[in-house]
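In: Fold the following and give me the result.
(one chain, ligands or ions: 1)
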Amino acid sequence: MSRVILAYIENNGVEVPKGSLSTIQAALLLKKAHNYSGLVGLLLGGDGTEEAAKKVAAFGLDEVLYVKNNLLKTYLATNYALAFKKVLETLAPTVVLALADTRGRDLMPRISQHLDAGQASDVIEFVDGGRFKRPMYAGNVLATVEITTARKVVTVRQSAFDVAKSGASECPIRELSIDISADSGMEFLSFDTVKSARPQLVEADRIVSGGVSLKSKENFEKYIVALADVLGAAVGASRAAVDAEYAPNDWQVGQTGKIVAPKLYIAVGISGAIQHIAGMKSSKTIVAINKDPEAPIFDVADYGLVADLYQAVPELISVLTASKS
Ligand SMILES: Cc1cc2nc3c(=O)[nH]c(=O)nc-3n(C[C@H](O)[C@H](O)[C@H](O)COP(=O)(O)OP(=O)(O)OC[C@H]3O[C@@H](n4cnc5c(N)ncnc54)[C@H](O)[C@@H]3O)c2cc1C
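Out: Prediction:
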């Protein structure tokens, strides 16, 4: 078996999200460090997949394959798994690599089961061709896991890898025409997206997050969202703030929310429970505002302000607004 890596590259029919560029970067690192003979990218989707495939041709991959099919226009695990399995009939990669996001978590176990392959999830570092580092127990333990099967499935954590840079010479792009049946037992009904001009939480350079100390949805808007707006930042929240319905579910940062690693993370009125820290501790600069000097968030903060948020945040907003104008 030739030692080839197959990297699954997500696309939305128009572009390739930042997370997929981290997938490519991780695959390039794995190939280089552990002497894999080839790196093939795979895109699945409906109209626009070919254009998305062209966009990744100059990132250093050896070949880009894409499957365009109306049944893949929107993501359904069963149809995607079916298409993936058909692709694997023509290709025998040693490693299948994908992003450890919602889709990767949904799709890749189906692929490992199909290949009878061991899977390492949420990998942050490649130790060698078969051993991988991954965080466990809310990031309190770094485990080295070994996949002992000949074929391996790996999902990588976006925040642990830079985005790949284009600039290499363009690799060949090939369409695979495969037949997938519509009878997958699942039918796509609708997809409701939240439209926002704000940067995506996992892709943002700056994040302002609020805790349950905001006491209401209105306060969350007035203090956290307003501060984020001045900074052009995405908005995050602790789970307690989400549970209290001050912030929507997809803003939650932490072990059971989003894992983020922005350049700047401002935690406002957040205690710093381990489950929250697990989701943001890789941020480059962490600023914490909390009225309790003993709050654990200060243990991970680069800059800490012991203050009442209701006083400090409006002051910060007015200073930042003034400095902008
Ligand atoms: C299995 C599991 C998974 C979990 N996953 C997550 C997760 O993904 N993300 C997550 O966030 N949590 C998660 N949690 C919950 C986590 O344990 C904490 O309960 C939660 O993070 C606390 O949120 P908080 O900091 O907003 O609230 P609190 O812990 O109540 O802290 C509020 C903080 O606000 C400060 N404060 C109060 N008033 C003011 C003021 N006026 N000015 C300044 N500071 C003020 C207080 O000093 C305090 O430090 C999980 C828990 C479990 C068991």
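
In: Strands of the stretch 151-300 of the chain, residue ranges please.
Out: Under the criterion DSSP state E, counting those that start in this stretch, the stretch 151-300 of the chain contains strands at 152-156, 173-175, 206-210, 234-237, 264-268, 285-290.

In: Correct me if wrong: residue 266 contacts residue 289.
Out: Yes - assessed by C-beta atoms under 8 Å, residue 266 is found in contact with residue 289 at 7.2 Å. (C-beta placed from N, C-alpha, C; glycine too.)

In: residues from this protein in reach of the ligand?
Out: Residues of the chain found near the ligand (C-beta under 6 Å from any ligand atom) are 211-213, 238-241, 252-257, 269-271, 273, 275-276, 279, 289-292, 295, 308-310.

In: Could you name the helices and strands sitting against the helix or strand encompassing residue 65?
Out: Element membership for residue 65, per DSSP states H and E: strand 63-68. Judged by 3 or more C-beta pairs under 8 Å, 6 or more residues apart in numbering; DSSP states H and E, strand 63-68 is in contact with strand 38-45, helix 49-55, helix 77-90, strand 173-175.

In: Swap in 6 Å and give it another go.
Out: strand 38-45, helix 49-55, strand 173-175 (3 or more C-beta pairs under 6 Å, 6 or more residues apart in numbering; DSSP states H and E).

In: Switch the ones you listed over to CSV; also include mean neighbour count.
Out: Shown next, in CSV, are the helices and strands packed on strand 63-68 (neighbours: other C-beta atoms under 10 Å):
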stretch, mean neighbour count
strand 38-45, 24
helix 49-55, 18
strand 173-175, 14
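
In: closest one to residue 322 among those?
Out: Minimum separation from residue 322 across those (C-beta to C-beta) falls at helix 49-55, 40.7 Å.

In: ok, now which ones touch the closest residue to the ligand within the stretch 51-200 of the chain?
Out: Among the residues of the stretch 51-200 of the chain, residue 138 lies closest to the ligand, at 7.4 Å counting by C-beta to the nearest ligand atom. Going by C-beta atoms under 6 Å, 6 or more residues apart in numbering, residue 138 touches 255, 274-275, 278.

In: Which of the residues you listed are buried, as a ChimeraX select command?
Out: Here is the ChimeraX command that selects the buried residues among the contacts of residue 138 (16 or more other C-beta atoms under 10 Å):
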select :255,275,278
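
In: where does the stretch 151-300 of the chain dip in pLDDT?
Out: 182-183 (pLDDT under 70).

In: what's the span of stretch 169-184 from first residue to last?
Out: End-to-end distance for stretch 169-184: 39 Å, by C-alpha to C-alpha, to the nearest Å.

In: List the buried residues of that stretch.
Out: For stretch 169-184, a neighbour-count test (16+ other C-beta under 10 Å) marks 171, 173, 176, 178, 180, 184 as buried.

In: ok, of the residues you listed, which one's closest to residue 30?
Out: Looking across the buried residues of stretch 169-184 and measuring by C-beta to C-beta, the closest to residue 30 is residue 171, at 17.0 Å.

In: The strand or helix carrying residue 121 pairs with which strands, parallel or anti?
Out: Per DSSP H and E, residue 121 falls inside strand 118-123. Strand pairing for strand 118-123, determined by DSSP bridges: strand 152-156 (parallel).

In: Kindly format the C-alpha coordinates of the partner strand as CSV.
Out: Taking Å, rounded to 0.1, in the frame of the first residue of the first chain, the C-alpha atoms of strand 152-156 are listed here in CSV:
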residue,chain,number,x,y,z
LYS,A,152,-5.7,5.4,10.2
VAL,A,153,-8.4,8.1,10.6
VAL,A,154,-7.4,11.3,12.2
THR,A,155,-9.3,14.5,13.0
VAL,A,156,-7.4,17.6,13.9
